[in-house]
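Q: From the sequence below, what's the structure:
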Amino acid sequence: MTSLDQRGDIAAAEIAFYAIALCFCVLNNIRHGFSRKQGWLLITLFALMRFVGSILVVVIQQTSSDNVSLYIAEVTISSIALTPLISATLIFLIRAFRFYVPESSGSSLHDIAIRVLSLILLASIILSIVAGSQMSNYTDDSKVSSAIMLSHVAVCLLTGVYGVIVIVTGLLIFSPYSAPTTTTPTMLLHAIALSLPFLLVRIIYSLLSAFTLSVATGGYFGSGGSKFNNITGSWQIYLGMGVIMEFAIIIIYVVCGVLLEKFDSSQQRRPSNLESLDTAIELENKD
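A: Predicted coordinates for the structure are as follows:
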């Protein structure tokens, strides 16, 4: 059994962190529901993926394993783990959005946009899995080249969804509509806004990691790659732009889930201004 290097030590710290985070994630799922539409299940999935991925890193280092399958699994988990985090952020934003914006304000268009963004995230996951599988054969230049291209597309799709989240969050913060009477959507919106800078740094790291891959260095698994390489790059950059950013995001969402009131699904759609006016007229006539 060999000792851990710096990345192994980071992985050990991640195991401890996500073991604790998973406990709170499960509690949040119990409080708010295990439905994917709630968002908390995706936060739990992200924490679980990071927990398993970190265990794989420790196993690989302590056993000095040359098992390519373990490396493929670790890289694949690392590549797709960011997607559940962005998906959860999108779901939280959708839930807050439905409190701020009246139901009559183009609700069908909103539903179409949600479906499109969901398909984009699904495509990103599929591309990342295929890229990780192809990247394992780092002696085949054509396979590595194809995997690099798929990695580029996958991370660009995630970046696009992140851009939409930023725009919509900004619009809601400066929304012309009155603030919801319940604190739930406001707290969710604040949690999203607080997490966005950390998520931005994490996405930038993913972009740099993907776009500095090269066929000459064998992609993720070859030696002499970029300092932004997830596997062989600088552990300081990996820690600062990757691990710590994810820690911060998880802490924000876990604390939000603990403090958040239980959602009342019957109150998710705010009435339009016209509906509010009709209700006021009816009440006045009754008086």
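
Q: And the one helix or strand D111 maps to, how far out from the chain middle?
A: Secondary structure from DSSP states H and E places D111 in helix 107-135. Between the mean C-alpha location of helix 107-135 and the chain-wide mean there is a distance of 12 Å, by CA atoms, centre = their mean, to the nearest Å.

Q: other SSEs contacting the next helix or strand after that helix?
A: If you walk from helix 107-135 toward the C-terminus, the next helix or strand you reach (DSSP H and E) is helix 141-173. Packed against helix 141-173 by the contact rule (3 or more CB pairs under 8 Å, 6 or more residues apart in numbering; DSSP states H and E) you find helix 82-100, helix 107-135, helix 183-211. In this view, the C-beta of every residue, glycine as well, is placed from N, C-alpha and C.

Q: what angle do the first one and helix 183-211 make?
A: Going by axes from the mean of the first three to the mean of the last three CA atoms, to 10 degrees, helix 82-100 is angled at 150 degrees with respect to helix 183-211.

Q: I'd like the distance from helix 82-100 to the chain centre, please.
A: The chain centroid and the centroid of helix 82-100 are separated by 10 Å under CA atoms, centre = their mean.

Q: Please name every helix or strand in contact with that helix.
A: Helices and strands touching helix 82-100, by 3+ CB pairs under 8 Å, 6+ apart, are helix 40-63, helix 107-135, helix 141-173, helix 183-211, helix 244-259.

Q: among those, which gets the worst mean confidence?
A: The stretch with the lowest average pLDDT out of the helices and strands packed on helix 82-100 is helix 107-135, scoring a mean of 83.

Q: how about it: buried residues?
A: If you call a residue buried by 16 or more other CB atoms under 10 Å, then helix 107-135 has these buried ones: 110, 117, 120-121, 124-125, 127-132, 134-135.

Q: Now tabulate the residues you listed in a markdown table and tack on distance to V144.
A: What follows is the buried residues of helix 107-135, written out as a markdown table (distance: CB to CB, whole Å):
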| residue | distance to V144 |
| --- | --- |
| H110 | 41 |
| L117 | 30 |
| I120 | 25 |
| L121 | 25 |
| S124 | 20 |
| I125 | 21 |
| L127 | 15 |
| S128 | 15 |
| I129 | 16 |
| V130 | 13 |
| A131 | 10 |
| G132 | 12 |
| Q134 | 7 |
| M135 | 6 |
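
Q: ok, these vs S151, which is closest?
A: Of all these, the one sitting nearest S151 is A131; the distance, using CB to CB, is 4.6 Å.

Q: Now do the contacts for the closest one.
A: Applying CB atoms under 8 Å, 6 or more residues apart in numbering, we find A131 in contact with S79, A147, I148, L150, S151, A154.

Q: Can you lay out the residues you listed as a markdown table showing neighbour count and distance to I43?
A: Compiled in a markdown table, the contacts of A131 are given as follows (neighbours: other CB atoms under 10 Å; distance: CB to CB, whole Å):
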| residue | neighbour count | distance to I43 |
| --- | --- | --- |
| S79 | 27 | 18 |
| A147 | 26 | 28 |
| I148 | 20 | 30 |
| L150 | 22 | 26 |
| S151 | 25 | 24 |
| A154 | 26 | 21 |
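
Q: Farthest pair within those residues?
A: Within those (distances taken as CB to CB), the two that end up farthest apart are S79 and I148, at 12.2 Å.

Q: Return the distance of stretch 141-156 from the chain's centre.
A: Using CA atoms, centre = their mean, the distance from the centre of stretch 141-156 to the centre of the chain it belongs to is 21 Å.

Q: And the contacts of that stretch?
A: Outside stretch 141-156, the residues that touch it by CB under 8 Å, 6+ apart are 79, 123-125, 127-128, 130-135, 137-138, 203, 206-207, 209-211, 213-215, 218-219.

Q: between the helices and strands packed on helix 82-100, which gets nearest to A13?
A: Across the helices and strands packed on helix 82-100, the minimum distance to A13, taken as CB to CB, is reached by helix 40-63, at 8.3 Å.

Q: tell me the angle of that closest one relative to helix 244-259?
A: Taking the same axes, to 10 degrees, one finds that helix 40-63 is oriented at 140 degrees with respect to helix 244-259.
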